[in-house]
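Undergrad: Sequence and predicted structure are below.
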Amino acid sequence: MIERKNRENKNSLPCSGGLWSEGWARFRKRHLAVAGAVIVLLLYLVAIFAPVLTPYDPVAHGDIPGDRYLRPSIEHPFGTDKFGRDVMTRMFYGSQVSLSIGFLAVALSIFLGSLVGAVSGYAGGIVDAVIMRVVDALMAIPRLFLLLTCIALFSRSILLIIILLGATGWMSAARLVRGQVLSIKKKDYIVAAEGLGVSGKGIIFKHLIPNTLTVIIVSATLRIGGIILTEAALSFLGLGVPPPTPSWGMMVFQGRDVLLNAWWVSTFPGLAIVMTVIGFNLLGDGLRDAFDPMHFT
């Protein structure tokens, strides 16, 4: 009984150094999770060092009559597109756009969701009921339809896409954080903080949100792949990142009419999207299994 109680107390403090160390030890034992982390690391390294890895300009047109739709070769490993631009170069620079959009949009959605979920769970009562009904109503609206409507009303830009993706994706994070807050707000250290006169704001930001950090990190990691897919879908529909800025979804869209004759234009950026989603999903699953107390004993 004492051992069980100690384990529960330990799991209630996910920010403690011991739990983090044990979590990373469990994470390293999961080979698929490590593989996902390696994939994600390589993607970000490619994005950071894109100017060093390729000598070509990602947006400048080549000699269109002579360079368009060249097959993969030593000079152009992934071939060229209809404007004679090197596909590998555009993929490398496109990773900067796609990964940045995924990271920033998820950061915004997790911030909003964590704040709303923590306030709702801690307040309880009528406040919790009203906030959750609003969240349910927002979740009932088809996200893609809402995105298409908003983008159609405003001029396209990377900043607008990040804000829209973040502002339309926080609801599930709010429900997740609320559930965690409901399970820990009656813990002894929360009751003690309330007894010492700590304000509700202080309890939320100093105790509740930090103690849901592992769940937030896991949720964020799992969401990045989905955000990148959504951005790719918007770009494929012609409503994503405005050209000539390269993005993986736009590159797939631009090669849709020449899949038989110039398959490389869409295939390689499509594979990049697939590998990115797989990498983040493997990483997120590994983090969940390693750090979420509900997934280990």
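TA: Perfect, thanks for sending it.
Undergrad: Which neighbouring elements make contact with whichever strand or helix holds Gly249?
TA: Per DSSP states H and E, Gly249 falls inside helix 248-254. In terms of contacts (3 or more Cβ pairs under 8 Å, 6 or more residues apart in numbering; DSSP states H and E), helix 248-254 is packed against helix 87-123, helix 213-236, helix 264-291. For glycine as for every other residue, the C-beta is placed from the backbone atoms N, C-alpha and C.
Undergrad: just how off-centre is it within its chain?
TA: Taking the mean of its C-alpha atoms, helix 248-254 sits 20 Å from the chain's own mean (Cα atoms, centre = their mean, to the nearest Å).
Undergrad: In JSON lines, list the helices and strands packed on helix 248-254 along with mean pLDDT, mean neighbour count and distance to Tyr56.
TA: Compiled in JSON lines, these are given as follows (pLDDT from 0 to 100; neighbours: other Cβ atoms under 10 Å; distance: least, Cβ to Cβ, whole Å):
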{"stretch": "helix 87-123", "mean pLDDT": "91", "mean neighbour count": "22", "distance to Tyr56": "4"}
{"stretch": "helix 213-236", "mean pLDDT": "83", "mean neighbour count": "22", "distance to Tyr56": "21"}
{"stretch": "helix 264-291", "mean pLDDT": "88", "mean neighbour count": "21", "distance to Tyr56": "15"}
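Undergrad: looking at these, which is closest to Tyr69?
TA: helix 264-291 (7.6 Å; Cβ to Cβ).
Undergrad: Measure how that closest one sits relative to helix 213-236, angle-wise.
TA: Counting by axes from the mean of the first three to the mean of the last three Cα atoms, to 10 degrees, helix 264-291 lies at 170 degrees to helix 213-236.
Undergrad: Next, the angle from helix 264-291 to helix 87-123.
TA: For helix 264-291 against helix 87-123, the angle by the same axes, to 10 degrees is 30 degrees.
Undergrad: And helix 264-291, what does it pack against?
TA: Under the contact criterion of 3+ Cβ pairs under 8 Å, 6+ apart, helix 264-291 touches helix 17-28, helix 31-48, helix 87-123, helix 213-236, helix 248-254.
Undergrad: Output the helix holding Gly249 as CSV, restricted to C-alpha atoms.
TA: Output of helix 248-254 as CSV, limited to C-alpha atoms (Å, rounded to 0.1, in the frame of the first residue of the first chain):
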residue,chain,number,x,y,z
TRP,A,248,5.2,20.4,-50.2
GLY,A,249,1.4,20.6,-50.7
MET,A,250,1.8,23.2,-53.5
MET,A,251,4.5,21.0,-55.2
VAL,A,252,2.1,18.0,-55.2
PHE,A,253,-0.6,20.3,-56.6
GLN,A,254,1.6,21.6,-59.4
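Undergrad: need the helices and strands packed on helix 248-254 in CSV with distance to Gln254, can you?
TA: Formatted as CSV, those follow (distance: least, Cβ to Cβ, whole Å):
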stretch, distance to Gln254
helix 87-123, 10
helix 213-236, 9
helix 264-291, 7
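Undergrad: These: which one's closest to Gly200?
TA: Distance to Gly200, taken as Cβ to Cβ, is lowest for helix 87-123 among the helices and strands packed on helix 248-254, at 6.6 Å.
Undergrad: now for the following helix or strand past the closest one, which elements pack on it?
TA: Sequence-wise, the next helix or strand downstream of helix 87-123 (DSSP H and E) is helix 125-139. Packed against helix 125-139, as judged by 3+ Cβ pairs under 8 Å, 6+ apart, are the following elements: helix 87-123, helix 171-184.
Undergrad: got JSON lines for those, with distance to Leu165 too?
TA: Listed next are the helices and strands packed on helix 125-139 as JSON lines, based on distance: least, Cβ to Cβ, whole Å:
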{"stretch": "helix 87-123", "distance to Leu165": "4"}
{"stretch": "helix 171-184", "distance to Leu165": "13"}
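Undergrad: Thanks a lot, catch you later.
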